[in-house]
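[1] Test case, fold it:
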Amino acid sequence: MALSRLLLLCMIASEVWDSETKSTEFVCSRAARKALNIVPEMSSALSNCNGSATLSTQVQLPCTELHAASWEHKSEREKRGEIVASLRLLVEGVKSERSLRPTGCGALLLQRLENNINNYLLILTRLQLSGAVVTPSLSCVPRSTQSLRTVLMSYNLLISAKLEWFMVGLEHKCTNSR
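    Predicted coordinates:
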């Protein structure tokens, strides 16, 4: 039992990024963004966790839809606000589900997912953006699921599509020293 707690602590500590120094690297490096996306390895790990794919409660899914024409007319802060609101919605659902699973493989996966979402939130909220302050808001009516696989697929779509499109739009702020 003590060994599993030590392993969990090591895993959690290894997943927390230094958001103060990594925000610029995150924007300017597709490789850094790809490295932070742990969904593929979590999906693989989920296959080895018997009974962990079905959640005890409904988890609201992030807003992943993107209408290109309206997205282009939004400010950087509005775009960030949409993504942050979706990440916050998801992390609250993951926390709630994790509180119902204090131990086991599923609990470890949920903890890892929660840490990863929080890393994205830290990086995004610390980005220096121009324009008026915007309150984060959802761009859709969230759907819910009891499938951890569906949660992971939606999360992956959010970070590999909507978030990535936002980051590509910010790359003009990067220096040529990449």
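
[2] which neighbours does the longest strand along the chain have in its sheet, and in what orientation?
    In terms of residue count, the longest strand belonging to the chain (DSSP state E) is strand 54-60. Strand pairing for strand 54-60, determined by DSSP bridges: strand 144-147 (antiparallel).

[3] residues of the partner strand that come out buried?
    By neighbour count with 16 or more other CB atoms under 10 Å, strand 144-147 contains the buried residues T145. For glycine as for every other residue, the C-beta is placed from the backbone atoms N, C-alpha and C.

[4] Kindly export it (C-alpha atoms) in CSV.
    Output in CSV follows, covering the C-alpha atoms of strand 144-147 (Å, rounded to 0.1, in the frame of the first residue of the first chain):
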residue,chain,number,x,y,z
SER,A,144,-22.6,14.1,-20.8
THR,A,145,-21.2,10.6,-20.8
GLN,A,146,-20.4,7.7,-18.4
SER,A,147,-17.7,6.4,-20.7
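
[5] distance between it and the chain's centre?
    17 Å (CA atoms, centre = their mean, to the nearest Å).

[6] who touches it?
    A53, T54, L55, S56, T57, Q58, V59, Q60, L61, V151, S154 (CB atoms under 8 Å, 6 or more residues apart in numbering).

[7] again with stretch 57-67
    Residues from elsewhere that reach stretch 57-67 (CB under 8 Å, 6+ apart): 82, 85-87, 89-90, 92-94, 96-97, 100, 138-140, 142-146, 150-151, 154-155, 157-158, 161-162, 165.
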